[in-house]
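Visitor: Can you look at this prediction? I've put the sequence above it.
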Amino acid sequence: MSTNLLIVFVMTMIIHTAETLSYSIRFAGVRLNKIAVALSLTGIIVLVSRTANLVQAPLSAKFVDYAKQHATFPLLNHLRIIILASSVGTLLAIILFPTFVRISGRIITRLELAGSIPKLISSVSVSQLKNTKHYIRIPRFKLSQYRYLGISKKFILLNMVVTSFYTVGVLSSLYAAHLFPEHSMTASQASGIINGIATIVLTIFIDPQLGLITDKALRNEEHRNQLGKIYVLLMTTRFLGTMIAQFVLLPASYFIRYIVKLI
């Protein structure tokens, strides 16, 4: 099981690193005033994370099957390690953010010249890949920079809550299936209950606010200079959300059981 756990850990880390780094593409798009192109590239990031999820989800479910046959298997510990991978991936994205903003800006510019993703990929040479080392930037954070960004505490809290729910969506359904074997099949398919709540909050409260922030940055130079700091703040709240997910896992599993019993 250790090999499977390592694979799931890496896949989960890739998912959260890729999703969090989508902020760097958006920021590069705003800086170049090419937000539409940036959003199309963000779709590729989502594709990468979902592809990794195709491997991660079944392997995570395998732990539940193994726990049924081996009573001493520490399933909860394995699930917590997977959640830890989401925190590591998000933290890695925060560290890589300044570098990927510069790389994303270069990709957006070259995409305009190439006209399509396949042509862009085929035009990349080994020497160009070697030159990416010149885009590396070490992140520098000062807490004083994030005091007056106009982001409400409610928005920050909601972003953490939504992230914590998304992080445990699949895992909580799997653990519910383990805790309550009489409803195992139904519970294992009930991750949409947790993710659905997070999606509603995201769609109603977070996405519109993020859109307004980005729109202000496009129209105002002062807001544009602050946007990078805002994205770092949002990524930090995502990281805190993945940490909170450690405490959400068990309540979410029991909540799924409650809903499944009603069904």
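Guide: On my side now, so go ahead.
Visitor: Only alpha carbons, please: show stretch 199-209 as CSV.
Guide: As requested, the backbone C-alpha atoms of stretch 199-209 are provided in CSV (Å, rounded to 0.1, in the frame of the first residue of the first chain):
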residue,chain,number,x,y,z
THR,A,199,-19.8,24.9,-5.7
ILE,A,200,-22.9,26.8,-4.6
VAL,A,201,-20.8,29.0,-2.3
LEU,A,202,-18.1,29.4,-4.9
THR,A,203,-20.6,30.4,-7.6
ILE,A,204,-22.6,32.8,-5.6
PHE,A,205,-20.1,34.5,-3.3
ILE,A,206,-16.5,34.0,-4.5
ASP,A,207,-16.4,33.9,-8.3
PRO,A,208,-18.3,37.2,-8.7
GLN,A,209,-16.1,38.9,-6.2
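Visitor: what's the model's confidence in that stretch, averaged?
Guide: Average pLDDT, stretch 199-209: 81.
Visitor: Would you mind listing the buried residues in that stretch?
Guide: For stretch 199-209, the neighbour count (16 or more other C-beta atoms under 10 Å) marks 199, 201-202, 205-206, 209 as buried. In this view, the C-beta of every residue, glycine as well, is placed from N, C-alpha and C.
Visitor: same thing with stretch 71-83?
Guide: 73, 75, 78-79, 82-83.
Visitor: Among those, which one sits closest to I117?
Guide: I82 (31.1 Å; C-beta to C-beta).
Visitor: If you count neighbours, what's buried in the helix or strand where that closest one lies?
Guide: I82 is part of helix 75-114, with elements assigned from DSSP states H and E. Within helix 75-114, the residues that qualify as buried are 75, 78-79, 82-94, 96-105, 107-108, 111, 114, counting by 16+ other C-beta under 10 Å.
Visitor: Next SSE downstream of that helix?
Guide: Using DSSP H and E, the helix or strand that follows helix 75-114 towards the C-terminus is helix 117-122.
Visitor: Any regions of the stretch 101-250 of the chain where pLDDT drops low?
Guide: Along the stretch 101-250 of the chain, segments meeting pLDDT under 70 span 120, 123-137, 139-150, 221-223.
Visitor: can you rerun that using 90?
Guide: Across the stretch 101-250 of the chain, the ranges flagged by pLDDT under 90 are 101-159, 162, 166-167, 169-170, 173-234.
Visitor: what about the helices in it?
Guide: Applying DSSP state H, counting those that start in this stretch to the stretch 101-250 of the chain gives helices spanning 117-122, 126-130, 153-179, 184-188, 191-201, 207-219, 221-262.
Visitor: Relative to I25, which of those is closest?
Guide: Distance to I25, taken as C-beta to C-beta, is lowest for helix 221-262 among these, at 10.4 Å.
Visitor: quick one: contacts for A38?
Guide: A38 sits next to 25-26, 28-30, 32, 104, 108 when contact means C-beta atoms under 8 Å, 6 or more residues apart in numbering.
Visitor: how about the nearest residue to S188, chain neighbours excluded?
Guide: With C-beta to C-beta, 6 or more residues apart in numbering as the criterion, S188 has its nearest non-adjacent residue at 4.1 Å, and that residue is A177.
Visitor: and the gap between D65 and L171?
Guide: Between D65 and L171 the computed distance is 15 Å (C-beta to C-beta, to the nearest Å).
Visitor: Those two: which has the busier surroundings?
Guide: A direct count of neighbours by other C-beta atoms under 10 Å for D65 and L171 places L171 higher, at 28 against 12.
Visitor: Could you measure from the nearest residue to that one once chain neighbours are set aside over to Y23?
Guide: Nearest non-adjacent residue to L171, counting by C-beta to C-beta, 6+ apart: L79, 5.0 Å away. L79 sits 27 Å away from Y23, going by C-beta to C-beta.
Visitor: need the buried residues of stretch 199-209 in a markdown table with distance to N53, can you?
Guide: As requested, the buried residues of stretch 199-209 are exported to a markdown table (distance: C-beta to C-beta, whole Å):
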| residue | distance to N53 |
| --- | --- |
| T199 | 15 |
| V201 | 21 |
| L202 | 17 |
| F205 | 24 |
| I206 | 21 |
| Q209 | 26 |
